[in-house]
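Participant: sharing a model that was predicted from the sequence below.
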Amino acid sequence: MPDRSTLLRVEHLRKVYETGAGSVEAIGDISFTMNTGELVCIVGPSGCGKTTLLKCIAGLLPPTSGLVEMDGAPVTGPTPAMALVFQEYGRSLYPWLTVRGNVDLPLRHKKLSRAERDKLVTDALEAVGLRHAARSHPWQLSGGMQQRVAIARAIAYQPEVLIMDEPFAAVDAQTRADLEDLVRELHATRGMSILFVTHDIDESVYLGERVIVLSRSPTWVQEDLTIDLGPERDQVTTRALPRFTELRTHVYEQIQRAKRGEASAPRPTR
Amino acid sequence: MTTHTRPIALGPRGRLAWRRIVSSLLHALGLPFLLLGAWGLWSTFSANRFFPSPLTILGALADTWIGPAFVEDVLPSLYRLAIGIIVSTAVGIAAGTVIGLFRWLRELLEPLLEFFRAIPPPVLIPIGMLLLGITDTMKVVVIVSGAIWPILLNTIEGVRATDSVMTETATSFQITWWERLWFLVLPAASPRIMAGVRQGLSVALILMVISEMFGSSSGLGYRIAYFQRNYLIAEMWSGILLLGLVGIFLATVFGLVERRVLRWYHGIREVERA
């Protein structure tokens, strides 16, 4: 779409871990951009440094070289423009706080009135369908509901981009489908920009408007694929489309090539 | 078939609940009463005057401690014990949090802490008497010098072991330093801290008695030693009984506070067990 402006720019990102036994190059050279209002999925073979990439983007890890830009300004540390949803919801939510307390905690340091904060929290819980559970503690809820709390916390924080790190890897298949539809819905109704990392190929094709396929470590962008499945998606009909099958087969082959290390070396700057 | 079995099934279930309550009461109190009975029986036939009968001791408990002795001995003891516990808990948690948060501080202090912890606190009594005299301050210092270690060391461990994902969450949401301390670090460490306080309480009680047995003119420990020297055997035993009651009282109060503070922790464990 023409009115979309660049929100996030990752340029020649490289991350080398210095360990006692020598250095390990986790990320070779990653470049991509993401526009405002986009839902981008990042998929890659296991151990390809997806989490490292996210941490660098979110400012939790300093990259060895390269640049992450948010709205044209370099990201050097955690920023209010991003909110993270972690894979381990059980370790990301604070069990001593109620659901409401968890969602409210990141808002405390924002200069908001009590009423504004309450409204944000209620609205976020409403969005994930957990308004009735506000006074429960996270451990009283099922895994899927706990991850909804983590999503509500991220929504209430009002970021410009929601970053999700394999958020549904630890929930069962049915819950997973519900949560995927929740992500689609947040994207559609609230126009949220979402960067979604997964190792699940079907999930990436079902959710994304674009799928970025990563190579194996040291990682580069192997393919940047547009998913032309339209904005209206449904667990049954979309997944039954021939185009869906084509796309998932394509991504699957790319991942297999990545695993075998057959893909071509990093392309020069795009 | 269900209509027939239901009333029959409910009857035994109600009786079962009753039986469970009675049996748990019997379990809790049965052995103590059995021992008391055996003791009473034995003491009536035995000529050993160092073991008076339980009834004599109960009588002595009422006669000795209800009245002026309560104000002169029991209250000062409890007062010193309370101050000692409050100071050890406050200083232990505060210092433990600071030491736990900063790695360099931890590495700097750890050998020293291990050394101080290894010193048996009662040896501080002679030093305390020299420096502070036979005062309340000396006794409180002795109590703190022993009771603080489990609290301090457990707090350090608890603070240090804050979950990495929880910490990363706090960082990514830019939670401020104070919020992080109050909403993440301290609650996360609270199970360890409470375990430390529990140990600290029993150490504090022991040191309260010992600090009073050395040159003192009031307190439970002083009074028990006094009775022993003057062959007031039933009174001596009644003092020991009173100490036991103080210990039970402390444990009960601690249990109430712990259940309140660690409700989430026990809740998680219940969910995991289910």
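Facilitator: Right, received. Where do you want to start? Residues are numbered from 1 along each chain as shown, chains lettered A, B, ... in the order given.

Participant: and the most centrally placed residue in chain B, what's its pLDDT?
Facilitator: For chain B, the residue sitting closest to the mean C-alpha position, by CA atoms, centre = their mean, is B:Leu201 at 3.3 Å. Looking at B:Leu201, its pLDDT is 94.

Participant: got it, and B:Thr2?
Facilitator: Model confidence at B:Thr2 (pLDDT) stands at 41.

Participant: please enumerate the helices of the stretch 51-200 of chain A.
Facilitator: A:89-92, A:99-104, A:114-127, A:143-156, A:173-190 (DSSP state H, counting those that start in this stretch).

Participant: can you tell me which of those helices is nearest to chain B?
Facilitator: Of all these, helix A:89-92 sits nearest to chain B, with 3.8 Å by CB to the nearest CB. The way it works is simple: take the backbone N, C-alpha and C, and place the C-beta from them, glycine included.

Participant: how distant is whichever strand or helix holds the residue nearest to the centre of chain B from the center of its chain?
Facilitator: Using DSSP states H and E, B:Leu201 falls within helix B:186-213. Here helix B:186-213 is found 6 Å from its chain centre; the criterion is CA atoms, centre = their mean, to the nearest Å.

Participant: that helix close to chain A?
Facilitator: Yes. Counting by CB under 8 Å from any CB of the partner chain, chain A is contacted by helix B:186-213 at B:187-188, B:190.

Participant: most neighbours of all these, which one?
Facilitator: B:Pro187 (22 neighbours; other CB atoms under 10 Å in any protein chain shown).

Participant: ok, that residue - contacts?
Facilitator: A:94, A:96, B:264 (CB atoms under 8 Å, 6 or more residues apart in numbering or on different chains).

Participant: closest one of those to A:Leu120?
Facilitator: Distance to A:Leu120 across those (CB to CB) is lowest for A:Tyr94, with 18.1 Å.

Participant: give me every residue in the stretch 51-200 of chain B lying close to chain A.
Facilitator: Contact residues, the stretch 51-200 of chain B versus chain A (CB under 8 Å from any CB): B:163, B:165-166, B:168-169, B:171-176, B:179, B:183-184, B:187-188, B:190.

Participant: following the helix or strand hosting B:Ser145, which helix or strand shows up next?
Facilitator: Element membership of B:Ser145, judged by DSSP H and E, is helix B:136-160. Going down the chain from helix B:136-160, the next helix or strand is helix B:164-172, by DSSP H and E.

Participant: and the next helix-or-strand element following that following helix, what other elements does it pack with?
Facilitator: Per DSSP H and E, the first helix or strand lying C-terminal to helix B:164-172 is helix B:177-180. Using 3 or more CB pairs under 8 Å, 6 or more residues apart in numbering or on different chains; DSSP states H and E, no helix or strand is in contact with helix B:177-180.

Participant: closest residue of the stretch 101-250 of chain A to chain B?
Facilitator: A:Pro106 (3.7 Å).

Participant: quick one on the thing from earlier: just want the angle from the helix holding B:Leu201 to helix B:164-172.
Facilitator: 110 degrees (axes from the mean of the first three to the mean of the last three CA atoms, to 10 degrees).

Participant: for helix B:186-213, buried residues please.
Facilitator: Under the neighbour-count criterion of 16 or more other CB atoms under 10 Å in any protein chain shown, helix B:186-213 has B:186-198, B:200-201, B:203-213 buried.

Participant: same question, stretch A:9-28
Facilitator: A:9-11, A:13-15, A:26-28.

Participant: what does that stretch rub up against?
Facilitator: A:29-34, A:49, A:52-53, A:56-57, A:61, A:63-69, A:215, A:217-220, A:266, A:269.

Participant: could you list the domains of chain B?
Facilitator: B:1-47, B:54-273 (automatic domain parsing).

Participant: out of those domains, which gets the lowest mean score?
Facilitator: Taking the mean pLDDT of the domains of chain B, domain B:1-47 comes last: a mean of 73.

Participant: pull up the residues of the stretch 1-150 of chain A that are close to chain B.
Facilitator: Going by CB under 8 Å from any CB, the residues of the stretch 1-150 of chain A near chain B are A:58, A:60, A:78-80, A:82-84, A:86, A:88, A:91-92, A:94-97, A:105-106, A:108-109, A:137, A:139-140.

Participant: pull out the buried members of the residues you listed.
Facilitator: Buried among the residues of the stretch 1-150 of chain A next to chain B (16+ other CB under 10 Å): A:58, A:60, A:78-79, A:82-84, A:86, A:88, A:91-92, A:94-97, A:105-106, A:137, A:139-140.

Participant: now A:Thr64: closest residue in space that isn't a chain neighbour?
Facilitator: Leaving aside its sequence neighbours, A:Thr64 sits nearest to A:Val16 (CB to CB, 6 or more residues apart in numbering or on different chains; 4.5 Å).

Participant: helix or strand next in line after the one helix or strand that neighbour maps to, which one?
Facilitator: For A:Val16, the host element (DSSP H and E) is strand A:6-19. Going down the chain from strand A:6-19, the next helix or strand is strand A:22-35, by DSSP H and E.

Participant: what about the longest helix in chain B?
Facilitator: helix B:2-45 (DSSP state H).

Participant: and the next helix or strand past that one?
Facilitator: helix B:54-65.

Participant: contact partners of stretch B:216-235?
Facilitator: B:49-50, B:52, B:56-57, B:59-60, B:64, B:69, B:72-74, B:76-77, B:80, B:134, B:139, B:208-213, B:236, B:239-240, B:242-243, B:246.

Participant: for stretch B:56-69, that is, sorry about that
Facilitator: B:43, B:52, B:73-74, B:223, B:234-235, B:237-239, B:241-242.

Participant: residues of stretch B:47-56 that come out buried?
Facilitator: B:52-54, B:56.

Participant: and the two most separated of those?
Facilitator: The widest separation within the buried residues of stretch B:47-56 (CB to CB) is 8.1 Å, between B:Pro52 and B:Pro54.

Participant: shared neighbours of these two, anything?
Facilitator: Contacts common to B:Pro52 and B:Pro54, judged by CB under 8 Å, 6+ apart, are B:Ser43.

Participant: quick check: which element contains the nearest residue to B:Arg106 once chain neighbours are set aside?
Facilitator: Leaving aside its chain neighbours, B:Arg106 sits nearest to B:Ile99 (5.4 Å; criterion: CB to CB, 6+ apart). Assigned by DSSP H and E, B:Ile99 belongs to helix B:75-101.

Participant: now that helix against helix B:186-213, angle please.
Facilitator: With the same axes, to 10 degrees defining the directions, helix B:75-101 sits at 140 degrees from helix B:186-213.

Participant: which other helices and strands contact helix B:75-101?
Facilitator: helix B:103-118, helix B:136-160, helix B:186-213.

Participant: hmm, back to that, now intersect the residues of the stretch 1-150 of chain A next to chain B with the strands, please.
Facilitator: A:82-84 (DSSP state E).
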